[in-house]
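Engineer: Okay, predicted coordinates and the sequence, questions at the end:
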Amino acid sequence: MPDQQESPSDVDLVRLAQKGDMQAFEELVARHRDKVYARAYGIMRNEDEALDLSQDAWVKGWQRLGQFQGDSTFATWMTRIVINLCLDQLRKLKRKRAESLEAIEEESGGIERQMPVTTFNPTEGLENAELRVKINHALGLLSPEHRAVLTLHEFEQMEYKEIARKMKCSIGTVMSRLFYARRRMASLLAGLKRENLE
């Protein structure tokens, strides 16, 4: 078993990096870059954008390292940074894009008043690689806004209020998007299941 000096903890590496030790920070990047990239890709669904945003997150992480207090793990802190960058990017893309028919339909229905009990839980049974592939495929078919809300709520365990604040929209809009995203995911996954049975 390797001793502490051979493999320093994240806490130790953060302390060293906060004192300007670039090698310690590079070790943190090596340990957590896959998770940070995966979270960016999960929201953006575009390899190039996810790579750019995860690299931006590491630059921001280095610049703000002095602000890291250790209230959460370093990996969680970095994940929050990349999520914020992705949400900013989605807002920029949304401003450039004309309103889609889906958005008009979604926003005009007042769906948030009829929230059903959810039947879809994307974190259940994720050990199953086949299910993970299906969920990834189905997530890729959602709009960026729906995918972001679902990712933040189901994978990051964020409350509606926190998601609304991060996405700069109302809680009603978050609930509406989450309702739509869950319903769409359930229908996409059911469709994939039927295809496998045939």
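Structural biologist: Received the coordinates, thanks.
Engineer: contacts, neighbours, all on C-alpha from now
Structural biologist: Noted.
Engineer: Just the buried positions in stretch 170-178, please.
Structural biologist: Judged by neighbour count using 16 or more other C-alpha atoms under 10 Å, the buried positions of stretch 170-178 are Ile171, Gly172, Thr173, Val174, Met175, Ser176, Arg177, Leu178.
Engineer: Looking at those, which one is closest to Thr151?
Structural biologist: When these are compared for distance to Thr151 (C-alpha to C-alpha), Leu178 wins out at 9.6 Å.
Engineer: My read is that that closest one contacts His146, right?
Structural biologist: Yes: with contacts counted by C-alpha atoms under 8 Å, Leu178 reaches His146, the gap being 6.6 Å.
Engineer: what's the spacing between the closest residue to Leu65 other than its chain neighbours and Gly66?
Structural biologist: With C-alpha to C-alpha, 6 or more residues apart in numbering as the criterion, Leu65 has its nearest non-adjacent residue at 6.0 Å, and that residue is Gln18. From Gln18 across to Gly66, the span is 6 Å (C-alpha to C-alpha, to the nearest Å).
Engineer: Wait, the residue nearest to Leu65 touches Gln67, no?
Structural biologist: No: judged on C-alpha under 8 Å, Gln18 makes no contact with Gln67 at a distance of 9.2 Å.
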